[in-house]
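Undergrad: no sequence on hand, only this structure:
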């Protein structure tokens, strides 16, 4: 919305006009509160399961594993350990990784993002199949 406000007179034929622009920001549709709760819970669930898997495979304290943890930070997370990790993640989360995803998953943040993305796609596909 644009409004012009007459501020003063500089003469009989001229007025100083200042336009104040008010931006109308349209808000995106608000998701139902339950959707946000499910997303937050899923993130926490994914990270905690990943932490448990790291603890079991690499014998590290699960809480020592954070989103910032990289392969170089974990003893045993070498090429063979990476294959074991990916296999355990696939089994735990009931997903399958693409070959390109194996290579990019070199830190916990990426692992969690890939898993969440795959779980979201599965959920959407299942919803479409049910006609939701």
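TA: Yep, that arrived. Keep in mind it's a predicted model, so treat the numbers as computed, not measured.
Undergrad: contacts, neighbours, all on C-alpha from now
TA: Noted.
Undergrad: who does the helix or strand hosting residue 90 touch, helix- and strand-wise?
TA: For residue 90, the enclosing helix or strand under DSSP states H and E is helix 79-93. In terms of contact count using 3 or more C-alpha pairs under 8 Å, 6 or more residues apart in numbering; DSSP states H and E, helix 79-93 is assigned the packing partners helix 33-58.
Undergrad: just the buried positions in the helix holding residue 90, please.
TA: Across helix 79-93, burial judged by 16 or more other C-alpha atoms under 10 Å covers 81, 82, 85, 86, 88, 89.
Undergrad: which two among those are spaced furthest apart?
TA: Longest distance between any two of the buried residues of helix 79-93 is 12.1 Å, between 81 and 89; criterion C-alpha to C-alpha.
Undergrad: model confidence for residue 44, exactly?
TA: Per-residue pLDDT puts residue 44 at 80.
Undergrad: repeat for the one 10 residues further on
TA: The predicted local distance difference test score for residue 54 is 98.
Undergrad: equivalent analysis for residue 123, please.
TA: So residue 123 comes in at 84 (pLDDT).
Undergrad: what about it, which helix or strand?
TA: Counting by DSSP H and E, residue 123 is found in helix 108-130.
Undergrad: and the contacts of that helix?
TA: With contact meaning C-alpha atoms under 8 Å, 6 or more residues apart in numbering, helix 108-130 is reached by 42-43, 46-47, 50, 65-70, 93, 95, 101, 104-105.
Undergrad: kindly write the ChimeraX command that selects the buried subset of these.
TA: Applying 16+ other C-alpha under 10 Å to these, the buried members can be selected in ChimeraX as follows:
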select :46,47,50,65,70,105
